[in-house]
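S.K.: Provided below are the primary sequence and the corresponding predicted coordinates.
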Amino acid sequence: MPLHASFLTNEELPIVLTPARLKQNRSEVPASVSVIDRDMIDASGLREIPELFRLIPGTSVGARDGWNYVVSYHGSNYRDSRRMQVLIDGRSVYQAGLATVDWNDIPITIEDIERIEVVRGPATASYGANAFLGVINIITRHPADIDHLEASVERGSEHTENYRLSHAGEYLGGHYRVSVASRHDDGFDIRNNGQERLDSKTLQLINTRYERQLNSGSLSLSLGYKEGRVTDDYSDIDVTSPDSKVDDYYFSTKIENELSVFHHIKVQYDFSGQQQIHRWTAKIPPYYTNLNQNPADFILVDANEDQQVNRHDIDFQDTYIWSESLRSVAGVHLKQSRVSSETYYGRTLKSNNYQFFYNLEKKLSDKFTVNSGGSYEYQEDIGKNFSPRISFHYHINKKNSLRYIYSEAIRTPDLLETSANWTYTGRNVRPHNGGPTTAILLQTAQGNPDLKPELIQSREIGYYGNFPVLHLQWDVKIFSDQLEQLMSNSISLARFDPINDGYLKQQGIETEIDYRPSHQWLIHANYAYITDESNTLTETSFTPRNSASLLLSYKYKPDLQISISKYYAKEIGTAANKFSRTDIMIKKIIKLRKTEIELGYAGQYRHDDDSELLRDNIYSNKLRQSVSVTLRY
């Protein structure tokens, strides 16, 4: 009998995997958790993975550029996705070099995803330092569960042009899936001053997953590669466009073994890397580079922000059922990160991280359950930290529970914040008039090796209810979070000053309802109200006081589906904007023997005249549309 069967007391209860690394029903998990399943993904009609998180209560989503999304639970700093851990099949895509998640450089498409589990709250106790505000766990589709062949074409506004082809089959006693895709769009249309935006993206990717059952466990292999190019707006000194070419690649292998119906172990190794080529020509006065002997009023120099990043992760996890009332999971996670950049660091840097984690689930009685977890972590140049979490559940019955959770978490400074030696080297100086052909720009920046981790203390009271007769799930959360030692300052050369002087306190309430009265209807709604107090505007600009979403989908027979979505947030972004948008999606399926053809339409209509997140993010037309054709065999 598989181990996970012995975990469940009632197969009808919704099961999640992420919060404590245990397979638990949602009435017992030591965290607030939301699930975006395949039906919700299809019904939403969304084409960009980050936009899916508009369906999660309290989650802020915005685009800094047409290719650079920011996702953060409870908002806070809008600069980067710095405080969320993002996993794909257990592999972290958090980049240690610049402490961010680059959604444009994830080598999967939205069609590859089976479900997403979002831990809404600190999860360092399970996933280490940078699961500061929460965890997004993306689970891709199992090769055995998808069509043998699938091909799709999509065209739309902003010169959207997307192609995808996937193939699944059996090989050496296992199942495999291979997906290739090409994506392009022109991003936002104009800047605040009416000038054209240069923020397009073009990318090609391939990913594959192989799954095989072993005698007492399973083997999983996956790998992927993405090549992409993005354009960027000119600055005052740019002569050529400072565009970027980015290559991303990864390899992951996981072995799970069931030693008995009570004992399960998992070992996973992940490798990921990124190479960014970012070069342009600038026009500057000679004194900017201390070339005062050059008689020209301006000189041209070639500059770059090239960088190369890679990381190795080894994760060992041991799960044991001690009795009907006691279960545990414990393990160790080892990580090595390496970054290299002439401009940012002037050399190659390496960082090692060691984490030990555990979680105990104890059922004190039929009415009371307690979860206790923690993470001990050591990182070079940062030191050691312990992050605890404890939760108490009162079970009204097996499907309804009240919870209290206290947790602490940290975000460790990234290598740029602690170890930057930020210096631009200008090459091919022209005219050089017999002088040097290489110059160093006078403006430089240095990292702060004395930085401490960011800290959060989080308290929440919540309720989860599952009403199978009504086919309804309801979650409510009241929270109070205190964040200290925040590194809030802008990460730019002109204002580079990383210090632990930021403070933020957030309180609020959020709720989520999932209602599916039949196979035809899907209704998902959420709302969040957040108040905040901070000593810097940076930490409050990405947190809307009110935010909500509603997804309503209806299937007319099995071959026609119509969905309407509404998204709202206010105020959000540097201009204190409102975000109000309605989406519509229509799908029609035509079946021809073993083949089906799906025709799709998606429209997104903005009800406000505000820019998105930043002042220069403006679409000329309030309505964005796309049409698609998908062939499945």
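M.R.: Yep, that arrived.
S.K.: which other helices and strands contact the host helix or strand of residue 439?
M.R.: Element membership for residue 439 (DSSP states H and E) is strand 438-440. Strand 438-440 sits against strand 425-430, with contacts defined as 3 or more C-beta pairs under 8 Å, 6 or more residues apart in numbering; DSSP states H and E. Yep, even glycine has a C-beta here, placed from its N, CA and C like the rest.
S.K.: what are the ranges of the strands in the stretch 101-250 of the chain?
M.R.: 113-120, 134-140, 149-156, 160-171, 174-185, 201-213, 217-230, 244-260 (DSSP state E, counting those that start in this stretch).
S.K.: Next secondary structure element downstream of the longest one?
M.R.: This means strand 244-260. strand 263-284.
S.K.: elements contacting the helix or strand following that next one?
M.R.: In the C-terminal direction, the helix or strand that comes right after strand 263-284 (DSSP H and E) is strand 299-304. On a contact count with 3+ C-beta pairs under 8 Å, 6+ apart, strand 299-304 meets strand 263-284, strand 425-430.
S.K.: Apply 10 Å and report the result again.
M.R.: strand 263-284, strand 425-430, strand 438-440 (3 or more C-beta pairs under 10 Å, 6 or more residues apart in numbering; DSSP states H and E).
S.K.: That strand to strand 263-284, inter-axis angle?
M.R.: 180 degrees (axes from the mean of the first three to the mean of the last three C-alpha atoms, to 10 degrees).
S.K.: name the element the most centrally placed residue in the chain belongs to?
M.R.: Against the mean C-alpha coordinate of the chain, by C-alpha atoms, centre = their mean, the closest residue is residue 86 at 4.6 Å. Following DSSP H and E, one finds residue 86 within strand 84-88.
S.K.: so how far is that strand off the chain centroid?
M.R.: Here the centre of strand 84-88 is set off from its chain's centre by 5 Å, with C-alpha atoms, centre = their mean, to the nearest Å.
S.K.: and it, which strands flank it?
M.R.: Strand 84-88 has its sheet partners listed here by DSSP bridges as strand 91-92 (antiparallel), strand 134-140 (parallel).
S.K.: Show the average pLDDT along it.
M.R.: What strand 84-88 shows for mean pLDDT is 94.
S.K.: Among the strands of the stretch 101-250 of the chain, which comes closest to residue 591?
M.R.: Among the strands of the stretch 101-250 of the chain, the nearest to residue 591 by C-beta to C-beta is strand 149-156 (14.7 Å).
S.K.: Pairing partners for that closest one, with directions?
M.R.: strand 160-171 (antiparallel), strand 623-632 (antiparallel).
S.K.: Export the ones you listed to a markdown table and append columns for mean pLDDT, mean neighbour count and distance to residue 413.
M.R.: Output for those, formatted as a markdown table (pLDDT from 0 to 100; neighbours: other C-beta atoms under 10 Å; distance: least, C-beta to C-beta, whole Å):
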| stretch | mean pLDDT | mean neighbour count | distance to residue 413 |
| --- | --- | --- | --- |
| strand 160-171 | 97 | 17 | 37 |
| strand 623-632 | 97 | 17 | 38 |
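S.K.: Make TSV out of the ones you listed and add distance to residue 332.
M.R.: Formatted as TSV, the strands paired with strand 149-156 follow (distance: least, C-beta to C-beta, whole Å):
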stretch	distance to residue 332
strand 160-171	33
strand 623-632	42
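S.K.: All set, thanks.
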